[in-house]
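K.L.:
Sequence and predicted structure below; questions after.
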Amino acid sequence: MTLPTLDQARELDRKDPLRQYREQFRITDHRLIYLDGNSLGRLPEKAPGDIADTVEQTWGDRLIRSWNEGWYTRSYSLGNSIAAITGASEGEVVISDTTSVNLYKLAAAALKRQQGKKKIITDNLNFPSDIYILQGLVEQLGDDHELVVLESRDGMTIQAGQLEEAIDDDTALVSLSHVVFKSAFMYDMKTVTEMAHRKGAMVLWDLSHSVGAVPVDLNGAAADLAVGCTYKYLNGGPGAPAFLYVRKDLQEQLHSPIWGWFGELSPFEFGLGYRPGKGISRFLTGTPPVIAMVPVERTLQMLTEAGMDQVRRKSMDQLAFLETLAASCLYNIGFSPGSPSESDRRGSHLSLRHPEAFRISQALTDPGTGNFQVIPDFREPDNIRLGISPLYTTYEEIFLAVQEMQVIVQKELFLDFREERGAVT
Ligand SMILES: Cc1ncc(COP(=O)(O)O)c(C=O)c1O
C-alpha cells in the first residue's frame, strides 16, 4: 500500500458509513486530536441534558418516588443493553460497583464453587488491579491457593500453548483480560473457555477494553463470568459504574462474597437474615449510582443502531490505516510496534513503543508544541497507545497524529519536556 495522503484520509471520512455518529459527541476544540477514547471516552452530546433531566425531574420533582419509576430497574435494563452488544442473554448482565469490585465478587464466588481446586491462572499482561484483586483473595482465603501469572514471551501476547500447559485439573479459575490494556492483544474467548472447561476450570473475562469496540459473544463462547467498565468505549464518563455478567445456569450456584441489601432476595422487607437474591440480582451490593449511570445509555443506543460488526470493521480499517502510516513514517525514527500485527488478534488501539515515549507523549499533548495538540496515552515503560473509537475517530485525525509524532521526533521537540510523571498518566 502506498503512503496515504491527507486528501485520501478526508475522502475516507466522507465515505465512512459511521460518520454521522461523530456529531453526537461534544467536540469543542477542532484542533485537538483525541486518541484516548480507549481510556476515557468522549462526552455524548446529549448526556448533559440527560443528566440534568434525571437530576431536575426524577430527583428534583419526583424525589423518592423515582425509585419505583425507573431508578430501581435501571441497573438491569442497562445491563440488558450491554448484554445485547456482548452476546449475552437478558438477565445475565447488570450494572454494579467498579470493575475491580465486580472482579473481586465474581472471582470469590468462583473459588467458593470450585472448592478443592487450588490454582488461579492469569498473565502478566493483565491489568494490575485485576492481579491485585486475585493476590488479595489468595491471602484472604488463607494462602491456600496458588496464583500462577503466565509470562508473555514477547511482551505483547500469550500463546494458546502456554495456557494449555498451565490449566490442569487443579485449576479453579482462569482470569484474563479479553483485550489486554497495553498491547491490545485479544484472546480467542471461545478457544480459551473450551480449554478451561475441559479441565473443569471456570473463566472470568475482563471486557473493559472490548466492550463497545469489538464484537463479543459471551453465550457463543459459553463464557462463565465477565466484568467490564463503561467509561472507555461506552463513554459513560469518569467513574461511571461497571458491569458484570454471570451465565444464567451458574447464577444460582454462585454467591457474592459481599452480602449487601441490593443483592438480597427482598431488600425492602428489611429482614435481618440475608437470603441471596434471584438470578443476577444477587451480585448487586448497595444502592446503584443512578446519576452516574445516565450517560452510558446514549452510546449503547448508538452501538446497537450501528451494529458491532460495522463498528469492528471501521476499527480494523482505521488500525490498518494507522499501521501503514506508522510503518512508513515512524518505524524509521525509533518507534517499534507494541501490538500484534495480525488484525484479528488485537482490539481497538495500537501501541507504539519508543525509548522516549513519555516525553513524546508530553510534547504531543502540549498545545504550544508542533502544529496540533494530540492526546494519546502513555503506558510504562515505553508505550504510546493510540485509541480508535469508531463512533468518533476520523482518518484525518489519525493522519495528523502520525504526522505530528514524526515532526516531534525529527525536530527533537520532546527534549523540552521533563521525565517527571503526573499522578495520572
Ligand atoms: C482492563 C481493566 N480492568 C480493570 C480496570 C479497573 O477498573 P475500575 O477502576 O473500574 O475498578 C481498568 C481501568 O482502567 C482496566 O483498564
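P.N.:
Alright, I've got the coordinates. Numbers count the residues shown, from 1 in each chain.

K.L.:
Okay, now the sheet partners of the longest strand along the chain, with direction.
P.N.:
For the chain, the longest strand by residue count, based on DSSP state E, is strand 171-177. Next to strand 171-177 in the sheet, as set by DSSP bridges, lie strand 119-123 (parallel), strand 202-206 (parallel).

K.L.:
looking at those strands, which is buried most?
P.N.:
For these, average neighbour numbers computed from mean count of other CB atoms under 10 Å are highest in strand 202-206, which has a mean of 27. For glycine as for every other residue, the C-beta is placed from the backbone atoms N, C-alpha and C.

K.L.:
tell me the mean pLDDT for that strand?
P.N.:
Mean pLDDT, strand 202-206: 99.

K.L.:
Which pLDDT value does the model give R31?
P.N.:
In this prediction, R31 carries a pLDDT score of 89.

K.L.:
Tell me, how many residues neighbour it?
P.N.:
In terms of burial, R31 registers 10 neighbours under the definition other CB atoms under 10 Å.

K.L.:
I'd say it and V374 touch.
P.N.:
No: the criterion here is CB atoms under 8 Å, and R31 misses it with V374 at 10.0 Å.

K.L.:
Mind jotting down where the strands sit in the stretch 251-400 of the chain?
P.N.:
Using DSSP state E, counting those that start in this stretch, the strands of the stretch 251-400 of the chain run over residues 336-337, 349-353, 373-375, 377-379, 383-387.

K.L.:
okay, the last one in PDB with CA atoms only?
P.N.:
The C-alpha atoms that make up strand 383-387 are tabulated as PDB, following Å, rounded to 0.1, in the frame of the first residue of the first chain:
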ATOM      1  CA  ASN A 383       4.200   2.600  25.100                       C
ATOM      2  CA  ILE A 384       2.200   5.300  23.400                       C
ATOM      3  CA  ARG A 385      -1.300   4.000  22.900                       C
ATOM      4  CA  LEU A 386      -3.400   5.400  20.100                       C
ATOM      5  CA  GLY A 387      -7.000   4.500  20.700                       C
END
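
K.L.:
near the ligand, anything from it?
P.N.:
No: Strand 383-387 does not reach the ligand (CB under 6 Å from any ligand atom); its nearest approach is 11.1 Å.

K.L.:
got a list of contacts for stretch 287-294?
P.N.:
The contact list for stretch 287-294, computed with CB atoms under 8 Å, 6 or more residues apart in numbering, reads 47, 50-51, 54-55, 58-59, 66, 71, 74-75, 78, 95-96, 236-237, 239-241, 262.

K.L.:
Dump the strands paired with strand 171-177 into TSV; add distance to the ligand as well.
P.N.:
Below are the strands paired with strand 171-177 laid out as TSV (distance: least, CB to the nearest ligand atom, whole Å):
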stretch	distance to the ligand
strand 119-123	12
strand 202-206	5
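
K.L.:
before we move on, the earlier item: buried ones among the contacts of stretch 287-294?
P.N.:
For the contacts of stretch 287-294, burial is judged from neighbour counts taken by 16 or more other CB atoms under 10 Å, and it is met by 47, 54, 58, 66, 71, 74-75, 78, 95-96, 236-237, 240-241, 262.

K.L.:
Mind putting the strands of the stretch 251-400 of the chain into JSON lines with mean pLDDT?
P.N.:
Supplementary listing: the strands of the stretch 251-400 of the chain in JSON lines, determined by pLDDT from 0 to 100:
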{"stretch": "strand 336-337", "mean pLDDT": "97"}
{"stretch": "strand 349-353", "mean pLDDT": "97"}
{"stretch": "strand 373-375", "mean pLDDT": "96"}
{"stretch": "strand 377-379", "mean pLDDT": "92"}
{"stretch": "strand 383-387", "mean pLDDT": "97"}
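
K.L.:
where exactly do the helices run in the stretch 201-350 of the chain?
P.N.:
Under the criterion DSSP state H, counting those that start in this stretch, the stretch 201-350 of the chain carries helices at the ranges 248-251, 296-306, 308-329.

K.L.:
So which of these is nearest the ligand?
P.N.:
Shortest separation from the ligand across these is recorded for helix 296-306, at 13.0 Å, computed as CB to the nearest ligand atom.

K.L.:
can you give me how far that closest one is from the chain middle?
P.N.:
Using CA atoms, centre = their mean, to the nearest Å, the distance from the centre of helix 296-306 to the centre of the chain it belongs to is 16 Å.

K.L.:
can you count the residues close to T5?
P.N.:
A total of 10 residues lie near T5 under the criterion other CB under 10 Å.

K.L.:
so what's E69 closest to, chain neighbours aside?
P.N.:
With CB to CB, 6 or more residues apart in numbering as the criterion, E69 has its nearest non-adjacent residue at 6.1 Å, and that residue is R62.
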